[in-house]
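1. Build the 3D model from these lines:
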Amino acid sequence: MKIKNVFPIAAILLAGFMGSCTNDQDLSLASGKTSSDQSSSLSSKPSSGALNVVNLGIAGEFVILSKTGITDVYKSSVTGDIGTSPITGAAITLACDEVTGTIFTVNAAGPACRVTNASRLTTAVGNMQTAYTDAAGRSNPNFLNLGAGNIGGKTLKAGLYKFTTAVIVPTDITISGSSTDVWIFQIAGTLKMSNAVRITLTGGAQAKNIFWQTSGAVTLGTTSHFEGTILSKTGINLQTGASVNGRLLAQTSVTLQMNAVTQP
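-> All right, here's what the predicted structure looks like:
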């Protein structure tokens, strides 16, 4: 081949290469990110399968655990062990016939069927606080401020959800995933579920793998249904007829009003 014919061919190849680069760049710009931005975004998001459950320790053996008391409007139905510490057992107002499980207290006060075991309760409360810190400290959320804190009507797949404000659930939601998937909700404010609203699990999702870490108080409206373990820095309030398949672990008080609470 003569040298003078090489230059036109090289020019054509170079033009084609530059056109390919331009097309790739256009696609990145259309998405609002450069190629390096997209790569960084993907690598910073852990897969839901990599999310580990929150280790509850002995606190996981309780369906309700509180530091400042468990009050009740008769008649509730609680399945699982309950306890309070460091406050006296007199701060538990549930009757013996409302609890299918053991009522643990730090002293001889409280319901007649109580079992006094201060050391077990001290360990459980310590484990509850450690679990709260673990859940609150998870990094690289899959979802940040989903719905601006309004998650009503949504189907929630497995992953780490972070909210820097309050969260409201005004309409039914679905939690969908496999039996080994994990959900952790980090909520900097309060969590409020409206009256008669339900959480439904699909695809094999299990309440024992769902964790709601809340800095503010939790309120579950009348006849609502909730799924998962609540780790609250403050109080948990169940209004009349609300039901829970999960755990209520509060660093202040838990209030019940004719509720059904079942350990998953």
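
2. what's the spacing between the spatially closest residue to A91 that is not a sequence neighbour and T214?
-> Nearest-residue entry for A91: G69, 3.3 Å, with adjacent residues in sequence omitted and distances by Cβ to Cβ, 6 or more residues apart in numbering. C-beta here means a position set from N, CA and C on the backbone, and glycine is covered the same way. Distance, G69 to T214, by Cβ to Cβ, to the nearest Å: 18 Å.

3. Counting neighbours, go ahead and name the busier of those two.
-> Counted by other Cβ atoms under 10 Å, G69 and T214 do not tie: T214 has more neighbours, with 27 against 19.

4. Across the sheet, point out what pairs with the more buried one.
-> I187, S232 (DSSP bridges).

5. Now do the contacts for it.
-> Shown in contact with T214 (Cβ atoms under 8 Å, 6 or more residues apart in numbering): 167, 187, 189-191, 230-234.

6. Relative to G228, how far out is it?
-> From T214 to G228 the distance is 11 Å (Cβ to Cβ).

7. same thing with L238?
-> Taken as Cβ to Cβ, the span from L238 to G228 is 14 Å.

8. One more: I168?
-> Taken as Cβ to Cβ, the span from I168 to G228 is 16 Å.

9. Same drill for the two, tell me which one is more crowded.
-> G228 (24 against 20).

10. Identify the residue spatially nearest to that one, adjacent ones excluded.
-> I210 (3.2 Å).

11. what's the pLDDT at the one you found?
-> pLDDT for I210: 98.

12. who's it bridged to?
-> W183.

13. Contacts only, for it.
-> 175, 182-183, 227-229, 246 are the contacts of I210 under Cβ under 8 Å, 6+ apart.

14. now the helix or strand containing E227, how far from the chain's geometric center?
-> Per DSSP states H and E, E227 falls inside strand 225-232. Centroid separation between strand 225-232 and its chain, computed with Cα atoms, centre = their mean, to the nearest Å, is 7 Å.

15. List the strands paired with the very next helix or strand once past it, with their directions.
-> Downstream of strand 225-232, the first helix or strand assigned by DSSP H and E is strand 236-238. Under the criterion DSSP bridges, strand 236-238 sits next to strand 218-220 (parallel), strand 253-257 (parallel) in its sheet.

16. Now tabulate these in TSV and tack on mean pLDDT and mean neighbour count.
-> TSV is the format used below for those (pLDDT from 0 to 100; neighbours: other Cβ atoms under 10 Å):
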stretch	mean pLDDT	mean neighbour count
strand 218-220	98	23
strand 253-257	98	23
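
17. what about the helices in this structure?
-> Remark: helices assigned in the chain by DSSP state H are 3-30, 35-43, 118-137.

18. Lowest average pLDDT across those helices?
-> Looking at the helices of the chain, the bottom one is helix 35-43 with a mean of 30.

19. so who does A148 touch?
-> Contacts for A148 (Cβ under 8 Å, 6+ apart) come out as T165.

20. now it: how far from G246?
-> The value you get for A148 to G246, if Cβ to Cβ is used, is 25 Å.

21. Determine the number of other residues adjacent to A205.
-> 26.

22. That one against I173, yeah?
-> No. Using Cβ atoms under 8 Å, A205 is not in contact with I173; the gap is 11.9 Å.

23. For the stretch 51-200 of the chain, give me the ranges with low pLDDT.
-> For the stretch 51-200 of the chain, no stretch is flagged by pLDDT under 70.

24. What is the nearest of the contacts of I210 to T100?
-> Using Cβ to Cβ, G246 is the member of the contacts of I210 that sits closest to T100, with 15.8 Å.
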